[in-house]
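Q: Coordinates for the following, if possible.
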Amino acid sequence: MRRYCTYRKIDEYELRFSLSIKNPESTSIEVDYINYRVYIENEFVGEGEKPHFIIKHGLSNHTFSFIFSTLNLTEPTKKLFMRGNVNVTVKGDVIVPAKFMGLFTWRHIKIPYEIHEKVKISL
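A: This is a model prediction of the structure:
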């Protein structure tokens, strides 16, 4: 996972992260959507979603972004954040349609994920 946080306004930051996904199948995989919940130092800061996209055969990168305000953080988390390095956790689910003979969706498969990273803040 490649990630970084950039300065936007006085109290607003954008967190961008990239997931590298390996598809070992010979065909592309259709994803209905992926959702993500973002935590800084175990404190929930918000959530996002990316609708319908395709994961091609082999290794592919998909970038997601999330904007949040530091005003909503508790004082201990704000202090850690302003020092430049914080622990970020991204949790969510990937929803993939299971298709009968590749023609119609007969159910959806929900795949949970969780990623923990130490992030360097760039001002």
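
Q: contact partners of stretch 60-69?
A: 2, 8, 11-21, 23, 34, 36, 38, 40, 45-48, 50, 53, 55 (C-beta atoms under 8 Å, 6 or more residues apart in numbering). To be clear about C-beta, it is placed using only N, CA and C from the backbone, and glycine gets the same treatment.

Q: Now do the buried residues in whichever strand in the chain runs longest.
A: Secondary structure of the chain per DSSP state E: the longest strand is strand 104-122. The neighbour-count check on strand 104-122 (16 or more other C-beta atoms under 10 Å) flags Val119, Ile121 as buried.

Q: same check, this time on stretch 30-49
A: Residues of stretch 30-49 classed as buried: Val31, Ile34, Tyr36, Arg37, Val38, Tyr39, Ile40, Glu41, Glu43, Val45, Gly48 (neighbour count, 16+ other C-beta under 10 Å).

Q: Now find how far off-centre it is within its chain.
A: 5 Å (C-alpha atoms, centre = their mean, to the nearest Å).

Q: how far does that stretch stretch from start to finish?
A: One end of stretch 30-49 sits 16 Å from the other (C-alpha to C-alpha, to the nearest Å).

Q: Mind listing the residues bridging to the residue nearest the centre of the chain?
A: Most central in the chain under C-alpha atoms, centre = their mean is Tyr36, positioned 5.0 Å from the mean C-alpha point. Here Tyr36 shows beta-bridge partners Gly48, Gly92, assigned using DSSP bridges.

Q: Check whether Asn23 really touches Ile54, as I assumed.
A: No - applying C-beta atoms under 8 Å as the test, Asn23 and Ile54 come out as separate, 9.5 Å apart.
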